[in-house]
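Novice: the amino acid sequence is not available; the structure is as follows:
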Ligand SMILES: Cc1ncc(COP(=O)(O)O)c(C=O)c1O
């Protein structure tokens with residue numbers, strides 16, 4: 001049986017690692033071989049506190065027996081079920097369960113395998129919806145600067161992170177972007193939602209004036225931008241986007257791949273910020289990271305608009321071989337049960353103030369220029385070194401790992417988003433390691 005617990009002595013060259021400086025990594029590999037609760041184990045036998053829930057996905061902590069058992073059982077029962085013109089009960093059970101948990105208008109669920117696929121699915125559904133209603137001219141998407149929506153051509157096009165875009169040509173045509181909401185001058189060291197910035201949503205009116213509403217299919221934003229370094233929406237910003245979209249018949253898509261499943265102290269960002277999207281993407285925490293799976297929540301209006309015509313026609317020519325994969329469904333159902341039984345989303349909300357105080361205690365450390373937080377998320381932004389953007393952030397990430405803390409780094413911001421089972425002592429330990437490392441960096 002393949003065994004990932006032994007030290008690596010194999011050739012590292014074959015595997016082209018994603019979003020990684022391959023040559024640098026292969027000179028000094030960092031290998032994880034085990035995970036339980038709040039901790040990873042490295043191939044050197046060292047315990048590392050997981051400060052970022054894997055990659056924002058292991059919300060219930062690692063190695064949950066209930067999820068493992070559900071996957072094991074399902075693998076023995078039926079490994080795979082044909083996904084087109086056939087199905088299996090767990091896909092329906094999961095979708096119903098999920099629809100119950102989603103904001104009240106989102107009653108339907110389309111299943112996919114990754115956040116990127118969920119985003120491309122949502123974009124396609126938006127186009128198909130407008131076309132079905134005789135508004136096929138609405139083909140334009142509006143994303144946001146510094147947005148991250150995965151790596152499909154659709155998601156890359158609506159995304160707003162320059163390094164993710166510049167190698168890949170023109171991508172999807174007819175896309176425009178809102179300005180991002182990050183402003184150190186106005187909002188640095190805000191606790192929770194910043195007070196300044198809701199007027200940035202008015203830029204959508206400018207884009208409508210420029211392109212005309214009749215050409216715009218949808219606006220897509222992360223309620224809280226995670227991958228770009230934790231940008232919390234200013235108070236009133238998402239409400240204003242919602243209002244402008246509604247007024248112009250533009251769909252609002254929330255990409256909740258990170259904010260879903262308790263991360264902000266509510267089921268979804270939509271609930272935390274009290275704004276209803278028309279479509280919602282989710283992934284990561286859906287299965288607690290145990291099996292790849294993603295989903296799109298879809299409102300009734302959109303679903304109904306496409307359920308027209310003769311019943312034998314396929315309403316949406318879109319789907320994946322692994323849509324609703326039985327092992328992923330089993331894992332997701334088990335994960336949702338854990339979230340509910342352990343009230344992990346409430347737990348996140350209850351810990352938020354403690355977390356906030358803990359991370360903001362780093363305010364006076366060397367080179368810290370901003371700290372942002374919400375739920376169990378924090379972004380700590382460091383001053384870039386002259387002529388070497390991202391170098392200090394990278395050093396912080398590496399040094400923290402050596403000291404026993406895994407976090408995410410993007411540019412000179414480090415992000416924390418621990419499993420929602422974290423204990424107060426582990427919050428203290430996280431901040432202690434990070435604070436010491438920040439002080440030690442030149
Ligand atoms: C908001 C958002 N959308 C989409 C994605 C892409 O997800 P995946 O890597 O599963 O394709 C991510 C990944 O971090 C994300 O944060």
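Specialist: Structure's in. What do you need? It should be emphasised that the depicted structure is a prediction, and the values quoted were computed from it without experimental measurement. Numbers count the residues shown, from 1 in each chain.

Novice: return the residues of the stretch 51-200 of the chain in contact with the ligand.
Specialist: 114-116, 119, 148-150 (C-beta under 6 Å from any ligand atom). In short, each C-beta sits where N, CA and C put it, glycine included.

Novice: and the furthest pair within the residues you listed?
Specialist: Farthest pair in those (C-beta to C-beta) is 114 and 148. Separation: 13.0 Å.

Novice: of those two, who's got more company?
Specialist: More neighbours surround residue 148 than the other of residue 114 and residue 148, with 25 against 20 (other C-beta atoms under 10 Å).

Novice: who are the neighbours in contact with that one?
Specialist: Counting by C-beta atoms under 8 Å, 6 or more residues apart in numbering, residue 148 makes contact with 159-161, 164, 222, 225-228.

Novice: quick one: residues in contact with the one helix or strand residue 402 maps to.
Specialist: Per DSSP states H and E: residue 402 is located in helix 391-403. By C-beta under 8 Å, 6+ apart, the residues outside helix 391-403 that reach it are 30, 48, 51, 367, 382-385, 406-414, 433-434, 436-438, 440-441.

Novice: same deal with stretch 241-249?
Specialist: Contacts for stretch 241-249 (C-beta under 8 Å, 6+ apart): 135, 138, 201-202, 204-205, 208, 213, 216, 219, 221, 250-252, 275-278.

Novice: mind giving me the PyMOL select for those residues, buried ones only?
Specialist: Selection of buried members from the contacts of stretch 241-249 for PyMOL, criterion 16 or more other C-beta atoms under 10 Å:
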select buried, resi 138+201+204+208+213+216+219+221+250+251+252+275+276+277+278
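
Novice: in contact with the residue of the stretch 51-200 of the chain found nearest the ligand, which residues?
Specialist: Evaluated by C-beta to the nearest ligand atom, the stretch 51-200 of the chain has residue 115 as its residue closest to the ligand, separated by 2.2 Å. When contacts are counted by C-beta under 8 Å, 6+ apart, residue 115 touches 149-150, 155, 255, 257, 281, 283-284, 294.

Novice: tell me which element the nearest residue to residue 239 once chain neighbours are set aside is part of?
Specialist: In space, not counting the residues next to it along the chain, residue 239 is nearest to residue 275; the distance is 5.6 Å by C-beta to C-beta, 6 or more residues apart in numbering. Element membership for residue 275, per DSSP H and E: none, as it lies in no helix or strand.

Novice: need the contact list for residue 275.
Specialist: By C-beta under 8 Å, 6+ apart, the contact set of residue 275 is 223, 238-239, 241-242, 254.

Novice: measure it to residue 246 for me?
Specialist: 11 Å (C-beta to C-beta, to the nearest Å).

Novice: and residue 161, by the same measure?
Specialist: Distance of residue 161 to residue 246, computed by C-beta to C-beta: 28 Å.

Novice: now a ChimeraX select for only the buried ones of the contacts of helix 391-403.
Specialist: Buried residues among those (16+ other C-beta under 10 Å), as a ChimeraX selection:
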select :48,51,367,382,384,385,406,407,408,409,410,411,412,413,414,433,434,437,438,441
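
Novice: what stretches of the protein score poorly on pLDDT?
Specialist: 2, 4-9 (pLDDT under 70).

Novice: is the spatially most distant residue from the centre of it in a helix, a strand, or coil?
Specialist: When distances to the mean C-alpha position of the chain are computed (C-alpha atoms, centre = their mean), the maximum falls on residue 310, with 37.3 Å. Recorded secondary structure, residue 310: coil (DSSP: H, G, I helix; E, B strand; the rest coil).
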